[in-house]
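Chemist: Could you look at this predicted model? Sequence included:
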Amino acid sequence: MFGLSHLQAQLVACGVGVAILIGVVIWLRTDAANDRERELRANQNAERLQHIEDSKGTQDEIENLSDPDLDRALCRVLSTAEQCEQRGVVQGRQSPAAKGATRDN
């Protein structure tokens, strides 16, 4: 084979085989990494879509609230129950029944 001895021809064949094997392994690893990246992107896109849908639902709920209901909802989210009650008294938005109960104390 091209003036090479039998041993040299076997070494060349083994070298080519190893090079091909290394190439296949690298290709498989790259393909697996690309598959993982595509899977992560698909999951992120699904999460983004879910977040957008949840945001639209929340927006619809907020737009349908009256001003006092919106104030109470924001207070529940941003403060504790005691702080909400105190703010209601300070802002004069507490219900008449609740105001009467505080006067008796």
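Modeler: Good, I have the coordinates. Numbering: from 1, shown residues only.
Chemist: what's the offset of the helix ranked longest in the chain from the middle of its chain?
Modeler: Ranked by number of residues, the top helix in the chain under DSSP state H is helix 6-63. Averaging C-alpha positions (CA atoms, centre = their mean, to the nearest Å) puts helix 6-63 19 Å from its chain's average.
Chemist: how about the residue positioned nearest the centre of the chain, what does it touch?
Modeler: By CA atoms, centre = their mean, the mean C-alpha position of the chain lies nearest to E47, the distance being 5.2 Å. Going by CB atoms under 8 Å, 6 or more residues apart in numbering, E47 touches no other residue. Every C-beta, even on glycine, is put in place using the N, C-alpha and C of the backbone.
Chemist: roughly how far apart are it and T30?
Modeler: Distance, E47 to T30, using CB to CB, to the nearest Å: 26 Å.
Chemist: and if you look at G17?
Modeler: According to CB to CB, G17 stands 20 Å off from T30.
Chemist: low pLDDT regions in this protein?
Modeler: Within the chain, the stretches with pLDDT under 70 are 1-3, 87-105.
Chemist: what number of residues lie near C75?
Modeler: 19 (other CB atoms under 10 Å).
Chemist: Report the separation between it and G57.
Modeler: 21 Å.
Chemist: Please report the distance of the residue nearest to the centre of the chain from E53.
Modeler: From E47 to E53 the distance is 11 Å (CB to CB).
Chemist: next one: D31
Modeler: 33 Å.
Chemist: before we move on, what about L4?
Modeler: For L4 relative to E53 (CB to CB), the value is 68 Å.
Chemist: Repeat that for E82.
Modeler: 34 Å.
Chemist: And for N34?
Modeler: Taking CB to CB, one finds N34 at 29 Å from E53.
Chemist: same deal with Q8?
Modeler: 68 Å.
Chemist: likewise L78?
Modeler: 24 Å.
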